[in-house]
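J.: Structure, please.
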Amino acid sequence: MECGSKKSVTSTDMLKVICSEFVRLENGTSSCSGRVEVKSNHLWVSVCEDNFDQRDAEVVCRELGCGAPLVLQGALYGDVQAQMWPKEFHCEGSESALIDCGSSGSNRNTCSPDRTVGLTCSEPNDVRLVGGTSHCTGRLEMKYQGDWRPVDGTYWNRKSSSVVCRQLDCGSAVSTEMTSDFTHEPVWLIHAFCVGSESSVRECGTKQSFTSTNRLEVLCSAAHVTSNVITTTVTVVLLVMLFIIIIIIILYRLRVNRKASRGQSVGEMTAEMVSINSLEQEAEEVNLMSSLTSLVSGRQ
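T.: Residues are numbered from 1 along each chain as shown. Take a look at the predicted model:
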């Protein structure tokens, strides 16, 4: 079956993959980027940028299940000498499909190769990792039509996790683990068999509504970097505090010695010594905290 870009729709209990039969993005780096083509008389034809504007782009990105349009530019994804779409689109921007938009005849039956529409949509924000120490580690959840659910990873591979990490700008996948929380709740059962080069998981899998206790935990490489940065920052702050306290102690001792040489009373000197001892004790506590932080960092 010949079809354009894929999108998902719901049936009674299954999310099926169907095709947009009127518009597609061709020759791009993902299903959300490429040269705009529409189907005319069973043939895919290009669109001239003079017949296509920002509102039209918003509708195409929405129809293909992508995010908002990022770049709209002629010949962005290659030149073509093929037949051109003979009409100008007049979308309002709120339509769910390009075919629902109005159109009018155009005198441009031909279009120079550098004027064919190229469109880049943002990737959809449809995956997240929750419950971890950062957004780069935790339980994998996916969203469809506003519904966030955990993912059952029964039909999941390691390369699919790598796609998730890259989609979240979290580097590569370090580990993937199936867990169970012993409570049945709605999940997405994902049949994902990515090869690793996809820009989003939805390009290499299908979703099925399911009830399960299984959960998928993913750890991305950027999570280690974030943890190390936090640990290093805390260690530096503690060392700076320790340095400041030591300087204060030295200045206090110098002051006590000067007052002692001037014949200061015993009571006043005793009060000064109590203050110094308190500062020394605080310095020891800060030093201990710094040591513990360094030890934890070393174990990580």
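J.: what's near enough to touch S33?
T.: S33 makes contact with 25, 77, 119-121 under the criterion CB atoms under 8 Å, 6 or more residues apart in numbering. In short, each C-beta sits where N, CA and C put it, glycine included.
J.: Where does the prediction get shaky in the stretch 1-150 of the chain?
T.: Residue ranges of the stretch 1-150 of the chain with pLDDT under 70: 1-20, 78-82, 106-110, 113, 145.
J.: Spell out the residue ranges of the helices in it.
T.: In the stretch 1-150 of the chain, the helices defined using DSSP state H, counting those that start in this stretch lie at 54-63.
J.: rewinding a little: as CSV, the contacts of S33 with neighbour count would be great.
T.: Below are the contacts of S33 laid out as CSV (neighbours: other CB atoms under 10 Å):
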residue, neighbour count
L25, 27
Y77, 20
L119, 28
T120, 21
C121, 26
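J.: May I ask which two of those are separated the most?
T.: Using CB to CB, the pair of the contacts of S33 lying farthest apart is Y77 and C121, separated by 12.4 Å.
J.: Between the two, which contacts overlap?
T.: What both Y77 and C121 touch, as defined by CB under 8 Å, 6+ apart, is the set 25, 33.
J.: mind listing what T116 touches?
T.: Neighbouring residues of T116 by CB under 8 Å, 6+ apart: 35-36, 46-49, 74-75, 79-80, 84.
J.: separation between it and N27?
T.: To N27, T116 is 10 Å away according to CB to CB, to the nearest Å.
J.: what's the overlap in contacts for those two?
T.: Joint contacts of T116 and N27 (CB under 8 Å, 6+ apart) are R35.
J.: if I pick R202, what's in contact with it?
T.: Counting by CB under 8 Å, 6+ apart, R202 has contacts 8, 31, 65, 124, 126.
J.: With distance to G205 added, can I get those residues in JSON lines?
T.: As requested, those are arranged in JSON lines below (distance: CB to CB, whole Å):
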{"residue": "S8", "distance to G205": "10"}
{"residue": "S31", "distance to G205": "13"}
{"residue": "G65", "distance to G205": "13"}
{"residue": "P124", "distance to G205": "14"}
{"residue": "D126", "distance to G205": "12"}
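J.: Can you tell me which of the residues you listed has the most neighbours?
T.: Counting neighbours by other CB atoms under 10 Å, S31 comes out on top of the contacts of R202 with 22 neighbours.
J.: Please name the residues that touch the residue sitting nearest the centre point of the chain.
T.: When CA atoms, centre = their mean is applied to the chain, the residue found nearest the centroid is L168 (2.5 Å). For L168, the contacting residues are 127-129, 135-136, 220, by CB under 8 Å, 6+ apart.
J.: Name the nearest residue to S161, sequence neighbours excluded.
T.: What sits nearest to S161 in space, not counting adjacent residues and going by CB to CB, 6 or more residues apart in numbering, is A173, at 3.8 Å.
J.: so who does G28 touch?
T.: Contacts of G28 by CB under 8 Å, 6+ apart are 34-35, 77, 120.
J.: taking those residues as a set, which two sit the farthest apart in space?
T.: In the contacts of G28, two members sit farther apart than any others by CB to CB. They are R35 and T120, at 10.7 Å.
J.: Now for the two: what residues contact both?
T.: Jointly contacting R35 and T120 under the rule CB under 8 Å, 6+ apart are 28, 76.
J.: Please parse the protein into its domains.
T.: For the chain, automatic domain parsing gives the domain ranges 6-121, 127-222, 227-299.
J.: tell me which of the contacts of L168 is nearest to T235?
T.: C136 (21.3 Å).
J.: For that closest one, give its distance to S161.
T.: 12 Å.
J.: now the end-to-end length of stretch 62-74.
T.: Stretch 62-74 has an end-to-end distance of 20 Å (CA to CA, to the nearest Å).
J.: mind checking how far that stretch is from the chain centre?
T.: From the chain centre to the centre of stretch 62-74 is a distance of 18 Å (CA atoms, centre = their mean, to the nearest Å).
J.: ok, now stretch 96-107?
T.: Worked out by CA atoms, centre = their mean, stretch 96-107 lies 34 Å from the chain centre.
J.: and it, C-alpha only, in PDB?
T.: Provided in PDB are the C-alpha atoms of stretch 96-107 (Å, rounded to 0.1, in the frame of the first residue of the first chain):
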ATOM      1  CA  SER A  96      -6.700  19.100  11.400                       C
ATOM      2  CA  ALA A  97      -5.700  18.200   7.900                       C
ATOM      3  CA  LEU A  98      -4.400  20.000   4.800                       C
ATOM      4  CA  ILE A  99      -7.200  18.600   2.700                       C
ATOM      5  CA  ASP A 100      -9.700  20.500   4.900                       C
ATOM      6  CA  CYS A 101      -8.200  23.900   3.900                       C
ATOM      7  CA  GLY A 102      -9.500  26.100   1.200                       C
ATOM      8  CA  SER A 103      -7.600  26.500  -2.000                       C
ATOM      9  CA  SER A 104      -7.700  28.600  -5.200                       C
ATOM     10  CA  GLY A 105      -6.300  28.200  -8.700                       C
ATOM     11  CA  SER A 106      -2.800  29.400  -9.400                       C
ATOM     12  CA  ASN A 107      -1.200  30.500 -12.600                       C
END
